[in-house]
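Student: Please work out how this folds:
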Amino acid sequence: PARAMAARGLVPLPPAEQLAVLYQLSLDADASLAMSARNTAVGLPDKMLSGALVDPAMDPRVLDLFAELVGDKKPAFEAIVTNAAVADQTIARLATRANAAEIERIAANEQRLLRHPEIIAAMYTNKQARMSTVDRAVELAVRNNIRVPGLAAWDEIAAAIGSAPRAAEQDDALFASAVASLGTDDSV
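Tutor: Numbering: from 1, shown residues only. You can find the predicted model right below:
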């Protein structure tokens with residue numbers, strides 16, 4: 001009975017502990033108890049979720065479950081993405097289904113993108129992502145000699161991005177020589 005009460009959120013616990021208990025019960029061998037815990041997790045108020053999910057001591061496995069269950073809720077998404085304890089794989093999974101604004105939020109953590117380039121690949125394949133955001137993430141990887149797995153024609157993409165600064169420098173040199181050839185004409 002106590003486990004059933006806990007699965008329904010009826011045991012008075014601090015929010016972070018409540019999430020940990022729901023995580024444990026969601027893995028229970030009793031399918032009805034596990035489903036009850038998952039349903040309770042989905043129904044938790046946004047304030048409780050966002051307050052508990054930002055806890056840096058939160059177990060990454062708990063964050064992963066809640067990313068799966070309530071990652072589409074804006075307060076929960078923000079709390080999970082900003083939590084330093086969240087696993088990189090969790091962020092990559094969120095990036096596969098995030099909307100454009102959420103992808104932008106994920107892309108803001110460049111250290112995480114470089115540490116786990118699968119996030120960039122997930123952003124790249126997400127149809128909701130802005131191409132400008134994805135392009136910045138891809139360019140970041142290329143500039144840091146990080147290979148993004150799963151992207152077709154990665155070598156061509158890297159070569160195109162790697163040559164872009166040289167092309168800009170050539171354009172600047174051509175412009176400077178054109179200006180120099182015009183000279184300065186004070187009569188204009």
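Student: I'd assumed L25 was in contact with A34.
Tutor: Yes - the criterion here is Cβ atoms under 8 Å, and A34 meets it with L25 at 6.5 Å. Backbone N, C-alpha and C define where each C-beta goes, glycine included.
Student: Mind checking which of these two has more residues around it?
Tutor: Between A34 and L25, counting by other Cβ atoms under 10 Å, L25 is the more crowded of the two (22 against 16).
Student: Touching both of A34 and L25, which residues are there?
Tutor: A7 (Cβ atoms under 8 Å, 6 or more residues apart in numbering).
Student: what number of residues lie near the closest residue to L53 other than its chain neighbours?
Tutor: Using Cβ to Cβ, 6 or more residues apart in numbering and skipping the chain neighbours, the partner closest in space to L53 is A79 (3.6 Å). Residue neighbour count, defined by other Cβ under 10 Å, stands at 24 for A79.
Student: I'd like to know how far A79 sits from V86.
Tutor: Relative to V86, A79 is positioned 9 Å away (Cβ to Cβ, to the nearest Å).
Student: in stretch 59-67, what counts as buried?
Tutor: Neighbour counts over stretch 59-67 (16 or more other Cβ atoms under 10 Å) mark D59, V62, L63, D64, L65, F66, A67 as buried.
Student: And the contacts of that stretch?
Tutor: By Cβ under 8 Å, 6+ apart, stretch 59-67 touches 19-20, 23, 26, 41, 49, 53, 76-77, 80, 83, 85-87, 89-90, 93-94.
Student: let's see 6 Å
Tutor: L19, A20, Y23, I80, A85, V86, A87, T90, L94 (Cβ atoms under 6 Å, 6 or more residues apart in numbering).
Student: Extract the C-alpha trace of that stretch and format it as CSV.
Tutor: Taking C-alpha atoms only, stretch 59-67 is exported to CSV below (Å, rounded to 0.1, in the frame of the first residue of the first chain):
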residue,chain,number,x,y,z
ASP,A,59,20.5,11.8,-10.6
PRO,A,60,21.0,11.9,-14.4
ARG,A,61,18.7,8.9,-14.7
VAL,A,62,15.9,10.8,-13.0
LEU,A,63,16.4,13.7,-15.3
ASP,A,64,16.4,11.4,-18.3
LEU,A,65,13.0,9.9,-17.3
PHE,A,66,11.5,13.3,-16.8
ALA,A,67,12.9,14.5,-20.1
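Student: Is the residue nearest to the spatial centre of the chain within a helix or a strand, and which one?
Tutor: Nearest to the geometric centre of the chain sits I106, at 3.4 Å (Cα atoms, centre = their mean). If you go by DSSP states H and E, I106 is part of helix 100-107.
Student: All set, thanks.
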